[in-house]
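Visitor: generate a structure from the sequence data that follows.
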Amino acid sequence: MHYRVHVPATAVLGVLFLIGCETANAEPSKPAGQTENLLSFSDAGIAEPGPRFDREAYWSANVPRIRACSDGQIAAILEASDQAEIDVATSVVDRVDDPAVRALAQRLIADHSKAKDELEALLPQIGVEPVENDNSKEISDAAQQEIAALSSKTGDELESGFVSHELLDHAQDLGAIDHLLLPSVRNSQFGSYIRRVRSTIARHEVLSSEVQASLVGSCGSSREDASEAEPDASPQ
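Guide: Residues are numbered from 1 along each chain as shown. Okay, here's the model as predicted:
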């Protein structure tokens, strides 16, 4: 049996890759909350997303079609994303046995709770109110779908599924921040906050990759395969 990569039911912040926010060119603006599904992985000519998702190739293919977001829309997206990460990690933290996977879930809960608190304190200071939009709603819905998908899994399948989700999700998050949120943000203090969030997400991506590597044996085999393949060292 080979290690099977779990492809999340949907990504969390990554879903906004597929939508964007308001029109960034001369096209007529849509009413608040109305967006269209602009992008897909098949549009970008990229295989089904997995742990080695190439965000630069994806964005190079699609960045001309991205729609900008207002600061209020960005705030709602970030709020929904933090809560989604907290909810997904909370749903598995007491159900996983691997210490590294549990530590990853605990780290995500702590870091995103801190980021959420900092955002809630910042927004009144800069006069920005969250504006719910299709992206923020999609993020919340995607998290619930992922929680449901993981709820039926146990053991190694649960652990590998959760870690694969987080690795893909954070890779997509970095692309969204670099190519959508930072280019769209107008308030300088808000921009500084988003850059700090980016640093945290980059650390999460590295940590998720390290944890996934610890779950996989040599040549992509699972921990179970690796233990089965160990030679019998007992005397003949």
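
Visitor: any regions of the protein where pLDDT drops low?
Guide: Residue ranges of the chain with pLDDT under 70: 1-20, 22-67, 217-236.

Visitor: ok, R186 to G72 distance?
Guide: Relative to G72, R186 is positioned 10 Å away (CB to CB, to the nearest Å). Every C-beta, even on glycine, is put in place using the N, C-alpha and C of the backbone.

Visitor: neighbour count for the two, which is higher?
Guide: G72 (17 against 13; other CB atoms under 10 Å).

Visitor: quick check: closest non-adjacent residue to that one.
Guide: Leaving aside its sequence neighbours, G72 sits nearest to V131 (CB to CB, 6 or more residues apart in numbering; 3.4 Å).

Visitor: next: Q212.
Guide: V163 (4.8 Å).

Visitor: that neighbour looks like it's in a strand, true?
Guide: No. Under the criterion used here (DSSP: H, G, I helix; E, B strand; the rest coil), V163 is helix, not part of a strand.

Visitor: distance of it relative to A103?
Guide: 11 Å.

Visitor: show me which of these two is the more surrounded one.
Guide: Counted by other CB under 10 Å, V163 and A103 do not tie: V163 has more neighbours, with 30 against 14.

Visitor: which elements pack onto the helix or strand where T200 lies?
Guide: Element membership of T200, judged by DSSP states H and E, is helix 188-215. Counting contacts by 3 or more CB pairs under 8 Å, 6 or more residues apart in numbering; DSSP states H and E, helix 188-215 packs against helix 71-93, helix 99-126, helix 155-176, helix 182-184.
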